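Asker: sequence? don't have it. structure:
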């Protein structure tokens, strides 16, 4: 991690996008696995429909996460990273670090003020985001308290997002990808000693806040080790910061469309006991490919694409986008196939224990199936957005996002009375596909990007391999009892857990073969991706 060049020197050229994505994805995988363990522990203590603590806790996570993705991660992905990358290349590290310091002061001040206002107004805000809880009920009161505890996580994550952007622009991806591991670790440490649902919810909320502070300290150390000099200062509205804000506001909305849609679904779900928790756990599983693939590639793509656009290198820009989309779909479509074809097998095998009942598993699985067919759209939105952001256009994705939100509201209101909670997931997936379609058509119309014939060929072959995998998994789900029988015969216990793990392991080994047979990836390309060194 240590950069031995002096602070004022230009950083070394960033590693290839595929390698950078692999580093980010590998560490994100560790974080997601730890997050999965955290969710298993929390679901054991809190359940879903059996008590109100689970919905209250998931509300406490939802509210700061909404603002985090809108004002912190979304805004800086859209505006700060390209601006910092260009300044770093054009003016050197000293000028770029001064821009980063001003940006950090501004976003920190804004999020601190927002946090204080939200905490004070939370008794009234809760009725807006969770009207189904009912004013003055025990569920409402606990949700208010827990959300007030977790809200300070927002300024912590705003600082972490900015410092991660500094590291990523300098080609340093390890610490920014590893930082979320602290959230899962600290929350686990806080929850495990508890003995009932209420105490577990309170402890987990305090754990989130403590983890945010730890993440800030880690990123401050990493930035200094990387050779950047980001000093703490009072906020100043310099011309550069005003330009960033002008880009960040529409960019934040554009990058956060899916999160806004999920929040809207949560408002409707608050009327059904346990529904917010069902959606939250379904969200965790489809967020796995989104975090491992969409976010990772988006993080690696944006600096590379920004440099290509600034240099007017159309060939490099085309290659970067083709690589990103094919690579993303090669990893996302099989995950989507699994989520769509074996949702109950997954949820029941992984979560049903303790306070989390079979009924909860069935309801969560119904939502997960509809999130499954939307998963490729969630990931593609992360890949296509940088094509606009790198060109300084954050307003077009914002318009597309607002259309997506309107569609989600309309479909959610229309489907919820007939389909219940799964209708909310279906509305979110459909809205995300409409968001992606708008991006694709606009980029093609402008001549900024259209997938090449080679890329289209790869995409269709990857789709064929994923459909085949989904059919095999559906057959295995139908034969679930036969898979569990020998495990029970051996007296190993935990038959459903071992059965789903064995099925997932089989799918993980089978998919590369299907991909090679379909021609989605050749042996030579596989060797290139796996080879150490710079990705081609």
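Answerer: That came in fine, so what should we check first? The structure displayed is predicted, hence computed values, not measured ones.

Asker: What's the first helix or strand after the lowest-mean-pLDDT helix or strand in the chain?
Answerer: Sorting the helices and strands of the chain by mean pLDDT, DSSP states H and E puts helix 75 at the bottom, at a mean of 56. The element immediately downstream of helix 75 (helix or strand, assigned by DSSP states H and E) is helix 81-91.

Asker: What are the buried residues along that following helix?
Answerer: 81, 82, 83, 84, 85, 86, 87, 88, 89 (16 or more other Cβ atoms under 10 Å). The C-beta positions use only the backbone N, C-alpha and C, and glycine is treated the same way.

Asker: average pLDDT across stretch 227-235?
Answerer: Per-residue pLDDT values across stretch 227-235 average out to 82.

Asker: Also stretch 275-295?
Answerer: 78.

Asker: just how off-centre is it within its chain?
Answerer: 8 Å (Cα atoms, centre = their mean, to the nearest Å).

Asker: Ok, stretch 116-129 next?
Answerer: That offset, for stretch 116-129, works out to 25 Å (Cα atoms, centre = their mean).

Asker: got the buried residues for it?
Answerer: Applying 16+ other Cβ under 10 Å to stretch 116-129 flags 118, 122, 125, 126, 127, 129 as buried.

Asker: Please apply the same query to stretch 182-196.
Answerer: Going by neighbour count (16+ other Cβ under 10 Å), the buried part of stretch 182-196 is 182, 183, 184, 185, 186, 187, 188, 190, 191, 194.

Asker: Remind me which helix or strand the fourth one belongs to.
Answerer: Translated: residue 185. Applying DSSP H and E as the criterion places residue 185 in helix 174-191.

Asker: quick one, helices of the stretch 251-400 of the chain?
Answerer: Secondary structure of the stretch 251-400 of the chain (DSSP state H, counting those that start in this stretch): helices located at 257-269, 275-289, 296-310, 314-341, 343-351, 358-389, 395-419.

Asker: Between those, which one is closest to residue 168.
Answerer: For the helices of the stretch 251-400 of the chain, the distance to residue 168 is smallest for helix 296-310, at 5.5 Å, taking Cβ to Cβ.

Asker: got a list of contacts for the helix holding residue 185?
Answerer: 1, 23-28, 30-31, 34-35, 37-38, 41-42, 45, 160, 163-164, 167-168, 200, 203-204, 206-208, 210-212, 214-215, 218-219, 222, 296, 299 (Cβ atoms under 8 Å, 6 or more residues apart in numbering).

Asker: other SSEs contacting the helix or strand encompassing residue 98?
Answerer: Assessed by DSSP H and E, residue 98 sits inside helix 93-129. Helices and strands touching helix 93-129, by 3 or more Cβ pairs under 8 Å, 6 or more residues apart in numbering; DSSP states H and E, are helix 53-67, helix 81-91, helix 138-150, helix 153-169, helix 239-255, helix 257-269.

Asker: hey, least reliable of the ones you listed by pLDDT?
Answerer: helix 239-255 (a mean of 74).

Asker: Give me the helices and strands touching that one, please.
Answerer: helix 75, helix 81-91, helix 93-129, helix 358-389, helix 395-419.

Asker: Name the residues of the fourth one that are buried.
Answerer: Meaning helix 358-389. Buried, per 16+ other Cβ under 10 Å, within helix 358-389: 360-361, 363-389.

Asker: follow-up on the earlier one: farthest-separated two in the buried residues of stretch 116-129?
Answerer: Largest separation among these by Cβ to Cβ: 118 and 127, giving 13.7 Å.

Asker: re earlier: including distance to residue 109 and pLDDT, could the buried residues of stretch 116-129 go into TSV?
Answerer: Shown next, in TSV, are the buried residues of stretch 116-129 (distance: Cβ to Cβ, whole Å; pLDDT from 0 to 100):
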residue	distance to residue 109	pLDDT
118	15	91
122	21	93
125	21	90
126	25	92
127	28	91
129	24	86
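
Asker: Could you check how far residue 360 is from residue 522?
Answerer: 44 Å (Cβ to Cβ, to the nearest Å).

Asker: How about residue 131?
Answerer: 54 Å.

Asker: Please apply the same query to residue 330.
Answerer: 12 Å.

Asker: quick one, which of the two is more surrounded?
Answerer: The residue with more neighbours, out of residue 330 and residue 522, is residue 330; 24 against 12, by other Cβ atoms under 10 Å.

Asker: Surely the more buried one touches residue 516?
Answerer: No: counting by Cβ atoms under 8 Å, residue 330 does not reach residue 516; the two are 11.3 Å apart.
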